[in-house]
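[1] Sequence unavailable; structure follows:
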Ligand SMILES: [Fe+2]
């Protein structure tokens, strides 16, 4: 019997070296003449904004820059962003940065165009009936996938939890994906964000609602990461490897948009909200233990992933991942507090990402995984 499949293929994509220099021309063709740029201070310091500003000036596009976004964006920054957008009244928002910047810009655009909604009042998948404000995404890391997804992850410090909002009303209009924008990314962020891309692809591949077509794309994305991450961590100037990593990030983003993620994201979001560590790093630390946990539910698929690694024939996938980490120099230790584990585990089991995990997560098992993946301290 044929499979019944619905693909999500938004947004439009412009991919290639130097494409960000065309941004002013793209806006001019769309008859837009006022852009508000969302970014962070690190991006400005790295000098990667210059070519975009030049292109906007050459095409007589007025613009302003809002650079206050930080890692794991809080609800409060969305409020500030909306205020800035109301003051400037742009035709379009351009988000230039990693996942935090892109997620913030997408959320700001959504609430700006739906002013009657309470901030994070409704979460999860938002159904129709909302208006949409155009956003162009330009990723400066290869990992988030946020440049192509219709989801935004925001930290609500009152819970505390990272909450997701998603739907066609959040999806960007266009993603301009240019590998030259990632050349200045530090080895540490290259590593952590690259692992995020790998895990997006892996969790989509193992998703309980995946299909043959998404699997092909997800597998290709994993292959690109396994073959190129070590190269870009050791030599960030390798443009061809940077291009493959950015392609992996985009393809993995497309895959997760279609079939969801799994327990790695379900568990890491809680630790991110409690302790404000980097999302990609937390995912990487959880991954081998969740692979072991999920193995009985998807042995064949995990063995297929293992074939991507040099050691794949004589080790299991979790061991291959640990060896991959050794070669990449990924050995960071994260502390969590014992008293936080019950609450984080409960939220992880209920998290939207855990719903498509190949094995239904049990509360006690999730607590044990937190104990194994992180260093637990008593307070
Ligand atoms: Fe992620």
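    Sure thing, it's come through. The shown structure was predicted, so the numbers you read here are calculated from the model rather than taken from an experiment.
[2] what about the chain, any weak spots by pLDDT?
    Counting by pLDDT under 70, the chain contains low-confidence ranges at 1-3, 312-314.
[3] domains for it, by residue range?
    Listed by automatic domain parsing, the domain ranges of the chain are 12-182, 187-377.
[4] Rebuild these as CSV, extending it with distance to residue 4 and mean neighbour count.
    (Glycine included, C-beta is placed from N, CA and C.) Output for the domains of the chain, formatted as CSV (distance: least, CB to CB, whole Å; neighbours: other CB atoms under 10 Å):
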stretch, distance to residue 4, mean neighbour count
domain 12-182, 20, 19
domain 187-377, 9, 20
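[5] Just put those in JSON lines and tack on distance to residue 5.
    JSON lines is the format used below for the domains of the chain (distance: least, CB to CB, whole Å):
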{"stretch": "domain 12-182", "distance to residue 5": "18"}
{"stretch": "domain 187-377", "distance to residue 5": "5"}
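[6] So residue 310 versus residue 328, what's the distance?
    13 Å (CB to CB, to the nearest Å).
[7] same check, this time on residue 28
    In terms of CB to CB, residue 28 sits 42 Å off from residue 328.
[8] now residue 69
    Taking CB to CB, one finds residue 69 at 27 Å from residue 328.
[9] likewise residue 134?
    From residue 134 across to residue 328, the span is 38 Å (CB to CB).
[10] can you check residue 140 too?
    From residue 140 over to residue 328 the distance is 20 Å, taken as CB to CB.
[11] ditto for residue 117
    On the measure of CB to CB, residue 117 and residue 328 end up 42 Å apart.
[12] Quick check: the gap between the residue most central in space within the chain and residue 18.
    Most central in the chain under CA atoms, centre = their mean is residue 144, positioned 2.5 Å from the mean C-alpha point. Residue 144 is 21 Å from residue 18, where distance means CB to CB.
[13] Ok, residue 113 next?
    Counting by CB to CB, the gap from residue 113 to residue 18 is 31 Å.
[14] just residue 98 next, same as before
    Distance from residue 98 to residue 18, by CB to CB: 20 Å.
[15] Then residue 307?
    For residue 307, the distance to residue 18 (CB to CB) stands at 35 Å.
[16] Then residue 206?
    36 Å.
[17] what ranges do the strands span in the stretch 101-250 of the chain?
    124-125, 135-139, 151-156, 161-166, 174-177 (DSSP state E, counting those that start in this stretch).
[18] So for residue 340, which of these sits nearest?
    Comparing the strands of the stretch 101-250 of the chain against residue 340 with CB to CB, the closest turns out to be strand 161-166 (11.9 Å).
[19] ok, residues contacting the closest one?
    Applying CB atoms under 8 Å, 6 or more residues apart in numbering, the contact partners of strand 161-166 are 72, 107, 110, 120, 122-126, 149-156, 269-270, 272-273, 347, 352-353.
[20] Thought residue 133 was touching residue 173, still the case?
    No - counting by CB atoms under 8 Å, residue 173 sits too far from residue 133 to count as a contact (9.0 Å).
[21] which residue packs closest to the residue nearest to the centre of the chain, ignoring adjacent ones?
    residue 99 (3.2 Å; CB to CB, 6 or more residues apart in numbering).
[22] Phi and psi next, for the one you found.
    When read as degrees, to the nearest 10, the backbone of residue 99 gives phi -60, psi -40.
[23] Report the contact partners of it.
    141, 143-146, 153, 193, 196, 279.
[24] longest single helix anywhere in this structure?
    helix 212-234 (DSSP state H).
[25] tell me what that helix is packed against?
    Contacts defined by 3 or more CB pairs under 8 Å, 6 or more residues apart in numbering; DSSP states H and E place helix 212-234 against helix 187-206, helix 239-259, helix 299-306, helix 317-328.
[26] Could you give the number of residues near residue 186?
    Neighbourhood size, residue 186 [other CB atoms under 10 Å]: 12.
[27] Contact partners for the closest residue to it other than its chain neighbours?
    With sequence-adjacent residues excluded and distances taken as CB to CB, 6+ apart, residue 186 is closest to residue 236, at 7.8 Å. Contact analysis of residue 236 by CB under 8 Å, 6+ apart lists 183-187, 190, 242.
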